[in-house]
Structures are given as C-alpha cells and as structure tokens.
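[1] Sequence and predicted structure are below.
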Amino acid sequence: MNNSFIQINGISKHFGNVKAVDDVSFQIKEGEFFSLLGPSGCGKTTLLRLLAGFEYPTSGNLLLDGSDITALPPDKRPTNMVFQNYAIFPHINVEKNVQFGLRKLGLTNDEIIKRVKDVLSLVKLEGYEERYSSQLSGGQRQRVALARALVRQPKVLLLDEPLGALDKKLRDEMQLELRTLQKEIGITFVFVTHDQQEAISMSDRVAVMSEGKIQQMSSPNELYKNPQNIFVSDFIGETNFLKANTGSKDGEYINVNIEDLGSFKIKNNLNISENASEVICSVRPETMMIDTEKSDWDICLEGKIKQTSYLGEMTKFYVETKEIEKIITVSSQYFDNQSFQDSKCFISINLADISLLNKK
Amino acid sequence: MEQKNNTLLIYTLLYFAFLYIPVLFLPIFSFNDANYMSFPLSGFTTEHYEEMWAKTNLHKALWASIKVGIVASVVSTTIALFAAKAFARYKFRGQNISYGAIMIPFLIPEIILAVAILVIWLSLGFKLGLVPVTLGHILFCTPFAMLILIARIEGFDFSLEEASRDLGENAWGTFYRVSLPLYLPGIIASLLLSFIISFDEFVLAFFLTGSDATLPMYMWAQMRFIQKLPHVLALGAVIIVFTTFIVLLAFWLRNLGQGKEKAEFGIKIHE
C-alpha cells in the first residue's frame, strides 16, 4: 500500500483576489476512500478540479503514483470524474456513453464489449444499454456516470457531490453501495461533499476544509470525538459551546473554569496554554443525560425545558439553566416530549465528554 | 373576458392580413392569363411558369445565387459558431465591445456597407463579381448567425465538455464528438437562415455584382420590360414558397429539444 499515492504539495489556487485553495499540502493513500468536506465556497471542489486537471494551480505541484501531473491536461491524467450533475451525454445512449472514454485506450472490439458489459453489471445497469439520459431516473444517471468513469480503470476516481441531487432514501442506499463498490474494486476515491454525515459514514479519512485551508484531516471517529478546533467541532455533528478559561496544568490535564459551573480538571488533548482567558468547551448533545431526578455525574444542573423536538429515534430538548448563558441542547433516546410533566429537569455531563478548544 | 378575446383575435387577423395580403397577389397573378397585374382575373394558365424555366439567363442567375448563398452561409456560420461559443462560455475583457463589433453590420444601413465595400474593392484593383458579393454577404449574415447560435449555446451544460476531456478526448475530439452534435440543430438553422438572407439580398448585390447577376438582380433587370413581368411574378411566387419553407424549417430546428429538456438533447448521431 502506497501511503503517498497522491501528493498535494503546497497547492494554491487564486481566482483574482480570492484564494480558493490556500497553500494546502497532504497525501492520500492508495485504495483509500478519502473525502473533502466543507461548506460551499471552502475550496473543496476547486481542489478536486485541480486533481482532475480542469484548473491549474497558481503554485504548488501534484504527484500521482510518483509522477508529476501538475501540468497535464485532463485527458492525459489517469483520473476520472463523476460530475455533480452527472454530465451524461444526451445525444448518445447509455452504452455509447460508457464506451466514450475507451476509444483512445487502444482496446480491441472484444475487449471494449467485455469491459462495457462488466462495468454495467457492476453498477447494476444491465438492460439499459439503449436508453438515453432523458429516459433515466436520477439514480440511474448516477450509475451511468459511475460506469462511464470506472470503465477506464482510472487510478483515482474523483466524485463531485455525486449524491446531492438524490432524495434521502436513495442517497442512503447509494452511500452504502458506493462504499461497497470502492472496497470491491480497490480504486482510490476522492469524494467531495458538504454533507458531514455522508463524509463520516463512507470515508476512511476526511479532510475538513474552510476558507481554502484544511482544518483537520483524520478518521471519521477522530474527527467527531477529537475535533481540533471550533470550526470542525461545529461543522461535524451538533454540539454545545461553553465559555471557559484555563488555570494551571496538571500533567495531561488542565484546570478549567467553565461559565458559572466552577473549576474542573479536563484532559488537555490540544495542549492549550495555562491561564488562557478565552477557550471553549464543546459538549455533544448525546453525551449528556437528561432526567427527572438528580444524578451523581460530574456535573449536574437543574434546568427548564424551553422546547422539544421529537425525531422518532430520539428527542432533542432545549434546556435553560442558571449557570450557562446559552440554551443547552440535549438529546435522549430514553425520554421523549411526553416524559416531563412540568418543564423542570436535570441535565448531567461527564468531564470525559468535554473537549477543550482554542477560541478562533 | 369573451369580449377581450375577440378584440385580440380581430387584431391578430388584421395584422396577418397586413403582412401577407400584398405577398399573396404574386402567386395569384402568376397564374393569371394576362400580361398586366390588374383585376378582373382573365383565366388560369401555367404558361408564365413554363416561360420562366425556358430562360437560360435565369438559370445562370439562380446558380450564382446558390453558390454565393452556400459559401456565405457556411463561412458566416463558422465564424459565428466560434464567436458564439466564446461569448456563451467565457467571460473576458472587451466582451461587450467585441459583441457589438460583430453585431454592427446588422444595424448599419446596407447601402453604406455596400458602398464601403465597393470603394475598397475597386481601390484594391479587384474586379466586381460574385467574390465581393460573397464577402459582403458573409459580413451581413454573421450577426444573424450569431443571434441564432448564441440562443442555442447559452444554457448549454459545459460540464459535458469537461466530461469529454476527462474521458480522454482532447479539445478537437470533444468539439467533434460532444459540442458539434449538440449544437447541430442551431448550426443547421443558422446555415438555412444565412442562406436565405444571402439568397434574397439585393442592395449589396446591386453594387458589387458587375455582370454576374444574382437572382434578385436578374429579377430587377427583367422588371424594366413590361412584357417580362408575368414570368418574374412566377419566379417571385416560387421564391416565396421556397423561402417560407426554409425559414419554418430553420425555426423548427432551432427549437428542437429546447422545450421540456432544454439543452439536454441534440440530434442523435450514430457513430
């Protein structure tokens, strides 16, 4: 396994004064399902287009499997792309669409026929050879786009928000299918999305981007449990931010004053400095407990339920407390909107579930 | 509401009457058995049409017009295609000015264009004939071709071209295999309309043909002799039918596939 299959070295891309991608460096492993995740305008699509060859970097270089592809046009790169709108050629049928990219590969007729047949069966589109794009559903178009790219057996498959146009049910199905497909064929996938749930559920590793820079790059679990900064913590999942300041260090731990709750010893994963006046504690809604009675957890606060939203598999409670300035969001699978007679409740937090972050 | 609809209907009918009644006199009199255009009609005859076909000068003029029309429409459509693509696809410095520059021949009085070309052509020491007429027609047809092609190319999904590049085609392969087939209805519409504009054009031809008459020039020359009027009427009727057919065909092609699945459909070409 080649750990630096794709090398992105100091890549910047400026459009006029806008730094779409700002001095980004990282590596993607061979056979990895790698996602670029971020809000719109964060530079993730530009980065993907730089990999595809539709844009050329303002500075920096790109290596793929050891060779420099920075200056190669898209047709000379061993990458293929699945476009956001699929870009199925409307004037030719499914079979011709899939064959489109094979013409220049110097294959015999028999090889072409076999490859097309194999890839159509891989994406479960047998029997659709004669159809035109206008006669296909969104999901089917997506499969054609996938087949058309995979039939060339690229070293890297680039996917630009390919599930964005599908309805929720189909999207969930395709997520699973894409993941299975990728494991089966072993091609490196670089997947662009703004949907954090999608990135987390499918990827081996995720790079979270904002304002042209990588904010954090790690496994989905790591991203969720140990966000490196406020942006990542906020963007991935849902969380509560509590204002805090630090006191003295104590080995791996540091003393932290959290709002009006008092002082606590919290694990200092990010090595935040002593006596910092502006730090943030992040607590996920599902790590907290809401109950009708007091608990013996590290922190237990009395509160008033201001609002609830029932989601079926869980219920979200929006709770006001004396000690914390903002409304706290707590989710529970045990209690629902009918569990509390009056609005009085207790919310509990374990110190181990608090992550300490630098402000900014 | 009922009242209002009737008013609109009457207006529409009057409008069409205004547009087409004068034109309809040509075919009517072309079948009239008389040398003069006057009522009452004096009997049905196809004699004028027979007489028309017997004229060898007419054949020569027709052939000249077809040659000029084909060259002018192909060249102006080609120029307009590249320009329209650039305007629709890219944003560049001087875009509005260059767009205006291409459209200006459309707005300048034709006679000025004709005189300008005449002066330059003669001062360069060239002879008048079909070549300067063709050049003039290219200049005159290009804005029309541009308008038609921009309408077709705007809203075109350019990720189709990127997909083609991504799948290993270079710029020319992409143009040939993706862009051209998808633009084709627009291109054919542009060719047909440019051809018709050139075919019917009189002022430029009047100044620049010299002795090689195009069809409108031939008609004009014939009109000076009263006894030749009937067969000019017959010719006029034929041209009206031909032009109408071509224009309808061009508009049908231009709109092909632009309804429900806008820009998602071209002419199906089987490789």
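    That came through, no problem.

[2] my guess is A:Cys281 is in a strand, correct?
    Yes - counting by DSSP: H, G, I helix; E, B strand; the rest coil, A:Cys281 is part of a strand.

[3] For it, which non-adjacent residue is closest in space?
    Using Cβ to Cβ, 6 or more residues apart in numbering or on different chains and skipping residues adjacent in sequence, the residue nearest A:Cys281 is A:Leu242, 4.3 Å away. Placement of C-beta: from N, CA and C, glycine included.

[4] so how many other residues sit close to the one you found?
    As a burial measure, A:Leu242 scores 21 neighbours (other Cβ atoms under 10 Å in any protein chain shown).

[5] Quick check: the residue in the stretch 101-250 of chain B that chain A sits nearest to vs A:Val116, distance?
    In the stretch 101-250 of chain B, the residue that lies nearest chain A is B:Leu167 (3.2 Å; Cβ to the nearest Cβ). According to Cβ to Cβ, to the nearest Å, B:Leu167 stands 13 Å off from A:Val116.

[6] Tell me which helix or strand comes right after the lengthiest helix in chain A.
    As assigned by DSSP state H, the longest helix anywhere in chain A is helix A:168-185. Using DSSP states H and E, the helix or strand that follows helix A:168-185 towards the C-terminus is strand A:188-193.

[7] so what strands line up beside that next one?
    Pairing partners of strand A:188-193, with direction, according to DSSP bridges: strand A:33-37 (parallel), strand A:156-160 (parallel).

[8] Could you count how many residues lie near residue 187?
    All of this is about chain A. By other Cβ under 10 Å, neighbour count at A:Ile187 equals 19.

[9] I was after chain B.
    Neighbourhood size, B:Ile187 [other Cβ under 10 Å]: 24.

[10] what's A:Ile69 sitting at in phi/psi?
    phi -110, psi 10 (degrees, to the nearest 10).

[11] Can you read off the pLDDT for it?
    The model reports A:Ile69 with a pLDDT of 93.

[12] again, but for B:Met1
    pLDDT, B:Met1: 48.

[13] Provide the contact partners of the lowest-mean-pLDDT helix or strand in chain B at residue level.
    Here the helix or strand of chain B ranked lowest by mean pLDDT, DSSP states H and E is helix B:47-53, holding a mean of 77. With contact meaning Cβ atoms under 8 Å, 6 or more residues apart in numbering or on different chains, helix B:47-53 is reached by B:Ser30, B:Phe31, B:Asp33, B:Leu58, B:Pro230, B:His231, B:Leu233, B:Ala234, B:Leu235, B:Val238.

[14] from the residues you listed, which would you call buried?
    Among those, the ones that count as buried by 16 or more other Cβ atoms under 10 Å in any protein chain shown are B:Ser30, B:Phe31, B:Leu58, B:Pro230, B:His231, B:Leu233, B:Ala234, B:Leu235, B:Val238.

[15] And the residue of chain A that's closest to chain B?
    For chain A, Cβ to the nearest Cβ, closest residue to chain B: A:Gly101, 3.2 Å.

[16] you'd agree that residue is in a helix?
    Yes - according to three-state DSSP, the state of A:Gly101 is that of a helix.

[17] thought B:Asp157 was touching A:Asn85?
    Yes - between B:Asp157 and A:Asn85 there is a contact at 6.9 Å, judged by Cβ atoms under 8 Å.

[18] Next, the buried residues of the lengthiest helix in chain B.
    Determined from DSSP H, the single longest helix within chain B is helix B:56-89. Using 16+ other Cβ under 10 Å as the burial criterion, the residues of helix B:56-89 that qualify are B:58, B:61-62, B:64-65, B:68-73, B:75-81, B:83-85, B:87-88.

[19] same question, stretch A:324-337
    Within stretch A:324-337, the residues that qualify as buried by neighbour count (16+ other Cβ under 10 Å) are A:Ile324, A:Ile328, A:Thr329, A:Val330, A:Ser331, A:Ser332, A:Phe335.

[20] what about the last one, helix or strand, and which?
    Using DSSP H and E, A:Phe335 is not contained in any helix or strand.

[21] which residue sits closest to it, ignoring its sequence neighbours?
    Leaving aside its sequence neighbours, A:Phe335 sits nearest to A:Ile290 (Cβ to Cβ, 6+ apart; 6.0 Å).

[22] secondary structure class for the residue nearest the centre of chain A?
    Against the mean C-alpha coordinate of chain A, by Cα atoms, centre = their mean, the closest residue is A:Ala199 at 3.1 Å. The three-state label given to A:Ala199 by three-state DSSP is helix.

[23] From A:Ala20, how far out is it?
    Counting by Cβ to Cβ - A:Ala199 and A:Ala20 are separated by 20 Å.

[24] Over to A:Thr70?
    17 Å.

[25] Comparing these two, which residue is more hemmed in?
    Legend: neighbour count by other Cβ under 10 Å for A:Thr70 and A:Ala20, higher for A:Ala20 (22 against 15).

[26] For the helix or strand where that one lies, which residues meet the burial criterion?
    Assessed by DSSP H and E, A:Ala20 sits inside strand A:18-28. Judged by neighbour count (16+ other Cβ under 10 Å), strand A:18-28 contains these buried residues: A:Lys19, A:Ala20, A:Val21, A:Asp22, A:Val24, A:Phe26, A:Gln27, A:Ile28.

[27] Identify the residues contacting the fifth one.
    What it means is A:Val24. Per Cβ under 8 Å, 6+ apart, neighbours of A:Val24: A:Ile8, A:Gly10, A:Ile11, A:Ser12, A:Gly43, A:Leu47, A:Gly60, A:Gly212, A:Lys213, A:Ile214.

[28] Buried among these? Make that a ChimeraX selection.
    Restricted to buried positions by 16+ other Cβ under 10 Å, the ChimeraX selection for those reads:
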select /A:8,11,12,43,47,60,212,213,214
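
[29] Farthest-apart pair in the contacts of A:Val24, please.
    A:Gly10 and A:Gly43 (14.3 Å; Cβ to Cβ).

[30] related to what we said a few turns ago, any idea how far the nearest residue to the residue of the stretch 101-250 of chain B closest to chain A once chain neighbours are set aside lies from B:Asp166?
    Counting by Cβ to Cβ, 6+ apart, A:Gly101 is the residue found nearest to B:Leu167 once chain neighbours are left out, at 3.2 Å. According to Cβ to Cβ, A:Gly101 stands 8 Å off from B:Asp166.

[31] And those two? Which one has more around it.
    Legend: neighbour count by other Cβ under 10 Å for A:Gly101 and B:Asp166, higher for B:Asp166 (28 against 22).

[32] confidence score at the more buried one?
    B:Asp166 is given a pLDDT of 94.

[33] Can you pull up the residues of chain A that come close to chain B?
    Residues of chain A found near chain B (Cβ under 8 Å from any Cβ of the partner chain) are A:52-54, A:73-75, A:79-81, A:83-85, A:87, A:89-92, A:96, A:100-101, A:103-105, A:133-134, A:148-149, A:152.

[34] Give me the subset of those that lies in strands.
    Mapping those onto strands (DSSP state E) picks out A:Thr79, A:Asn80, A:Met81.

[35] Neighbour-wise, give me the winner out of these.
    Tallying neighbours with other Cβ under 10 Å puts A:Met81 at the head of these, with 31 neighbours.

[36] thinking again about what came up before, among the contacts of A:Val24, which are in helices?
    Residues of these located in helices (DSSP H): A:Leu47.

[37] Using JSON lines, lay out the contacts of A:Val24 together with pLDDT and distance to A:Gly237.
    Converted to JSON lines, the contacts of A:Val24 look like this (pLDDT from 0 to 100; distance: Cβ to Cβ, whole Å):
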{"residue": "A:Ile8", "pLDDT": "94", "distance to A:Gly237": "27"}
{"residue": "A:Gly10", "pLDDT": "93", "distance to A:Gly237": "31"}
{"residue": "A:Ile11", "pLDDT": "94", "distance to A:Gly237": "28"}
{"residue": "A:Ser12", "pLDDT": "94", "distance to A:Gly237": "30"}
{"residue": "A:Gly43", "pLDDT": "92", "distance to A:Gly237": "22"}
{"residue": "A:Leu47", "pLDDT": "95", "distance to A:Gly237": "23"}
{"residue": "A:Gly60", "pLDDT": "93", "distance to A:Gly237": "32"}
{"residue": "A:Gly212", "pLDDT": "92", "distance to A:Gly237": "23"}
{"residue": "A:Lys213", "pLDDT": "93", "distance to A:Gly237": "21"}
{"residue": "A:Ile214", "pLDDT": "94", "distance to A:Gly237": "19"}
